[in-house]
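*Asks:* Okay, here's the prediction I keep looking at, along with the sequence it came from:
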Amino acid sequence: MKALQVRGLAVRYGTHAVLQGVDLELGEGEFVGLVGPSGCGKSTLLRCVAGLVSPASGSVSVFGRPVRGPDPEVGILFQDDALLPWRTSRENVALPLRFRGVDRRDSREQDEAWLRRVGLLGAADRYPGQLSGGMRKRVALAQVLAARPKLLLMDEPFASVDAIVRHFLEADVLRLVQEEGISVLLVTHDLEEAIALSDRVAVMSAGPAARVVREFAVPFGRPRDLVGVRSQPAFGVLVEAVWDALRSEVSRMGWEVPA
């Protein structure tokens, strides 16, 4: 069974075709990076998978079930975290557990376990305003994973943090989804991030009526050293190949793109 199957997906806003004929699959436990020109509809595709946007035609299914709305087995990590400022780290992580009827004692055990796994048990009683940007991202990650999703959707989740913090957050994600066997679809503008984290990179065309036009297998197994893979010759070759595919799409938009 596939974690995700998208077939012939089309999305329109009025008469404007955002997506047209999108086909994409994720295997169970697979990590796929999705890149494409700015404004091509990557986030729209993610929201269709999450059940937040209804397609004009085509189909989306997760684990063999047609997507008709939000699915409890699908978690979402957006660029802006969804932490409530009046709740502590512990209380924020516990929110999805309480929504699912987990009693307070079991919830306390689970939220502490997840805060420990992201290295923030010592900040359990701090509020979001008392945390750094990187710490808030780790709380948000713990919050999403505490609900035990089987498919994780990520939309530029680390774009707002600096390079050093971003590296450690990427390593946390890769470790935790590997441990939990979670399938991941990551939308990013960073080609190196997509390649370093993913098992496969999908490239979308320029819009309107964007679709997936190329896919590239990433020749690095998991678990992987995110610094080490970047130093391998195959990494540079793949960055160039993905950039060439992306550059041809960006050029269609009338932009002058350097070689």
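*Replies:* Alright, I've got the coordinates.
*Asks:* Please list all residues in contact with the nearest residue to residue 75 once chain neighbours are set aside.
*Replies:* Once flanking residues are discounted, residue 75 sits nearest to residue 149: 3.2 Å by Cβ to Cβ, 6 or more residues apart in numbering. Placement of C-beta: from N, CA and C, glycine included. By Cβ atoms under 8 Å, 6 or more residues apart in numbering, the residues touching residue 149 are 72, 73, 74, 75, 182.
*Asks:* In helices, which of the residues you listed fall?
*Replies:* In helices, defined here by DSSP state H, there are no members of these.
*Asks:* Could you pick out the buried ones from those residues?
*Replies:* For these, a burial check counting by 16 or more other Cβ atoms under 10 Å picks out 74, 75, 182.
*Asks:* Go through the residues you listed and flag which are in strands.
*Replies:* Per DSSP state E, strands hold the following members of those: 74, 75.
*Asks:* ok, the buried ones among the contacts of residue 149 vs residue 28, which is closest?
*Replies:* Comparing the buried ones among the contacts of residue 149 against residue 28 with Cβ to Cβ picks out residue 182 as the nearest, at 9.2 Å.
*Asks:* Looking at the closest one now. What's its pLDDT?
*Replies:* We have a pLDDT of 96 for residue 182.
*Asks:* Torsion angles phi and psi at it?
*Replies:* Note on residue 182: backbone dihedrals following degrees, to the nearest 10 are phi -90, psi 140.
*Asks:* Tell me how many other residues surround residue 40.
*Replies:* 25 (other Cβ atoms under 10 Å).
*Asks:* still on that earlier bit, assign the residue nearest to residue 75 to helix, strand or coil.
*Replies:* When classified by DSSP: H, G, I helix; E, B strand; the rest coil, residue 149 comes out as coil.
*Asks:* Distance check, it against residue 30.
*Replies:* 14 Å (Cβ to Cβ, to the nearest Å).
*Asks:* again with residue 204
*Replies:* Between residue 204 and residue 30 the computed distance is 18 Å (Cβ to Cβ).
*Asks:* who's more crowded, these two?
*Replies:* Using other Cβ under 10 Å as the criterion, residue 204 and residue 30 rank with residue 204 on top: 25 against 17.
*Asks:* ok, now which ones touch the more buried one?
*Replies:* The contact partners of residue 204, by Cβ under 8 Å, 6+ apart, come to 34-37, 40-42, 45, 210-213, 249.
*Asks:* If we use 10 Å, what do you get?
*Replies:* Residue 204 is in contact with 19, 22, 24, 34-37, 40-42, 45, 187, 210-214, 245-246, 249, counting by Cβ atoms under 10 Å, 6 or more residues apart in numbering.
*Asks:* worst-scoring helix or strand of this protein, pLDDT-wise?
*Replies:* helix 104-117 (a mean of 83; mean pLDDT, DSSP states H and E).
*Asks:* Can you tell me what sits against that one?
*Replies:* With Cβ under 10 Å, 6+ apart, helix 104-117 has contacts from 88-98, 100-102, 120-124, 138-139, 141-148, 172, 175-176, 179-180.
*Asks:* Now do the strands in the stretch 1-150 of the chain.
*Replies:* Taking DSSP state E, counting those that start in this stretch, the strands of the stretch 1-150 of the chain run over residues 4-13, 16-26, 31-35, 57-62, 65-66, 74-77.
*Asks:* which stretch among the ones you listed comes nearest residue 156?
*Replies:* Of all the strands of the stretch 1-150 of the chain, it is strand 74-77 that lies closest to residue 156, at 9.6 Å by Cβ to Cβ.
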